[in-house]
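# Turn this into a structure:
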Amino acid sequence: MIVGIVLFLNGYFGLSGYCQAQETKLLTFDAAYEQVLSNSHVLKQANLQISEKQAEIKAATGLRAPQVSLSGTAMQMSDRLHLDLTSVRDAISPLYEALGTYGNFSGVPYGSITLSDAQSTAIVRNQLLEGLDEVNAANWDQTIQKKQFASLNANIAWPVYMGGKINAANRAAKIYNEEAGLQMDQKKAELLTELVTRYYGLVLSKESEAVRQQVLDAMEKHLYDAKKLSEEGQIAQVEELHAEVAKADAERELLKAKRQSSIIETSLHNTLAMSENDSIVPTSKLFLLKQVEEASFFVSLAKDQSPLLKQVDTKRRLAETGVKAKKSTYLPSVALMGTYDIANKDLSPYMPDWMVGVGLNWTLFDGVSGYRKIQAARLKAKQVDEAGAKAEDDIETVVRKLHHELGMQVEQLESLDKSLVFAESYVESKDKAFHEGLSSSSDLVDARLLVAKFKIERLQAMYQYDVALATLLQFCGVPNQFAAYEQKNDVIIGSGTK
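Now for the predicted structure:
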């Protein structure tokens, strides 16, 4: 009983795992592209980069705002700060003492009368001696700041004029954000080409499988016919053996095609960020257009829309901004500043509770370092100009090459279609001749393999066309137009069973 339950559970979960492993997804190219745009780790990284640059824009904007901070200080000095006026006391004390003891004074007023000399002298001497007592009793060594003290201050700094540095930083942050968006567009275009290469690569492989299956079916029929003809004595036994070999070769080629499909499907899983447990069945077909716009149309489109060229333009503007930033070092920087004493411990009572002011910093001579930096920034801008001109020439060359490849694949297809018609007619004649004993098994097998070869080459020409078209649209900066070309009325659809 228990063994039976265990076997049942093993069988159930094994079957569930098998079903999960064999889950099949029918996928059009448009749906695959939407999935790439949603799931791609590359695009998610690019989105995070855009968010990063947007945060940097806000950070650069904050450079214009006042900066408020708290600062704390705890100090230990070797000696206290003090003011010793003992020498002043020593200098004036004898004067008080002498005048208070021996001085003679007269004419001291007292109400409406004037005191006599003796009375005046007694009063003034008494006052001088009292003053001497106060002088001697006073602390002539005053502490300004104790050796240990601490303070907590609130500070504010508000840039008023920075010579254009803040403007340059804000301009650069916006350009970097724009560049991140262009990099996103470029990655989308690159992903389109990657998807076309892998998706239609799987379509090509599946269609090639169908061709190989046709060959195997034909070879199995040929072997059956060869056995019957051999039994009837119409052909030699060696012809039957040759048919056996041809069938084995067809089985091997079919297995090879299936292995190739599995490899390409794995790479497609990676592009789509899908689980490898999902079996993908591409439903879109290889296609080809005999006529597209002229090369000059795509060249003009690339110059206007290519994210690569637009990124060169951002580099150029960044270089120009760099020149302005370097020039700003020759201008003064002005800022409002303020400090407020929030709390302190044993801080000098002579220190103010708050201070406000204006600060100015102006470098008048820096050993021509600033001048050289401006020169370097200007040379950088010229480098970007040259790189931009080279990039524009390179993209035009690539666009024309890809356009030429489209035409080449169209010519290949037309030639292969003609060859395929002749090859199929040749197979019919050889098959008829073989059954009449007028042709060998080798001739018939070769004829069938020639038909399969032309069919696969026809599919490969259409595949190369689709990859070239996707790459062309990538460099033109309009990858989304790929679907529009696929849906045109005069499109030719490829199939291995044709």
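# what number of residues lie near Leu81?
The burial count assigned to Leu81 is 14, neighbours taken as other Cβ atoms under 10 Å. Yep, even glycine has a C-beta here, placed from its N, CA and C like the rest.
# Quick check: beta-bridge partners of it?
Gln145 (DSSP bridges).
# dump the residue contacts of it.
Thr143, Ile144, Gln145, Ser348 (Cβ atoms under 8 Å, 6 or more residues apart in numbering).
# switch to 10 Å and redo it
Applying Cβ atoms under 10 Å, 6 or more residues apart in numbering to Leu81 gives the contacts Gln142, Thr143, Ile144, Gln145, Lys146, Lys147, Phe149, Ser348, Tyr350.
# Could you report the neighbour count for the fourth one?
If I follow you right, that is Gln145. Each residue near Gln145 was counted by other Cβ under 10 Å, and the total is 18.
# Surely it touches Ser151?
No. Gln145 lies out of contact with Ser151 (Cβ atoms under 10 Å); the separation is 11.1 Å.
# Check the contact lists of those two and give me the overlap.
Common neighbours of Gln145 and Ser151 (criterion: Cβ under 10 Å, 6+ apart): Met75, Asp346, Leu347, Ser348, Met351.
# ok, those residues vs Arg252, which is closest?
Arg252 has its nearest neighbour among those in Met75, at 88.4 Å by Cβ to Cβ.
# check which helix or strand covers that closest one.
Using DSSP states H and E, Met75 falls within strand 67-76.
# Tell me the gap between stretch 282-293 and the middle of its chain.
Its chain's C-alpha centre and that of stretch 282-293 lie 32 Å apart, by Cα atoms, centre = their mean, to the nearest Å.
# again, but for stretch 441-451
54 Å.
# Pipe the contacts of Leu81 into CSV and attach pLDDT per row.
Output for those, formatted as CSV (pLDDT from 0 to 100):
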residue, pLDDT
Gln142, 86
Thr143, 87
Ile144, 87
Gln145, 88
Lys146, 89
Lys147, 89
Phe149, 91
Ser348, 86
Tyr350, 83
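# Would you mind checking which of the residues you listed is nearest to Ala391?
Distances from Ala391 to these, taken by Cβ to Cβ, are shortest for Phe149, at 63.5 Å.
# ok, now which ones touch the closest one?
73-77, 80-81, 344-348, 351.
# Drop anything exposed from those residues.
Among these, those buried by neighbour count (16 or more other Cβ atoms under 10 Å) are Asn344, Leu347.
# I'd like the distance between Asn270 and Glu276.
When distances are taken as Cβ to Cβ, to the nearest Å, Asn270 and Glu276 turn out to be 9 Å apart.
# for Ser71, same thing?
Per Cβ to Cβ, Ser71 is found 58 Å from Glu276.
# what does Ala387 give?
As it turns out, when the distance is counted by Cβ to Cβ, Ala387 lies 42 Å from Glu276.
# Show me where the stretch 1-150 of the chain has its helices.
Using DSSP state H, counting those that start in this stretch, the helices of the stretch 1-150 of the chain run over residues 2-21, 29-39, 41-61, 86-102, 117-137.
# Touching, Asp84 and Trp140? I think so.
Yes. Counting by Cβ under 10 Å, Asp84 does reach Trp140; the two are 7.0 Å apart.
# between the two, who's got more neighbours?
Set side by side, Asp84 and Trp140 give different neighbour counts by other Cβ under 10 Å, the larger being at Trp140 (14 against 10).
# Can you name the residues that contact that one?
Taking Cβ under 10 Å, 6+ apart as the criterion, Trp140 is in contact with Leu83, Asp84, Leu85, Thr86, Ser87, Val88, Arg89, Asp90.
# quick one: which of these has the most company?
Arg89 (15 neighbours).
# which residue packs closest to it, ignoring adjacent ones?
Take Arg89 and drop its neighbours on the chain: the residue closest to it by Cβ to Cβ, 6 or more residues apart in numbering is Trp140, 4.5 Å away.
# before we move on, what about Ile235?
With Cβ to Cβ, 6+ apart as the measure, Leu229 is the residue that lies nearest to Ile235, at 4.6 Å, once sequence neighbours are left out.
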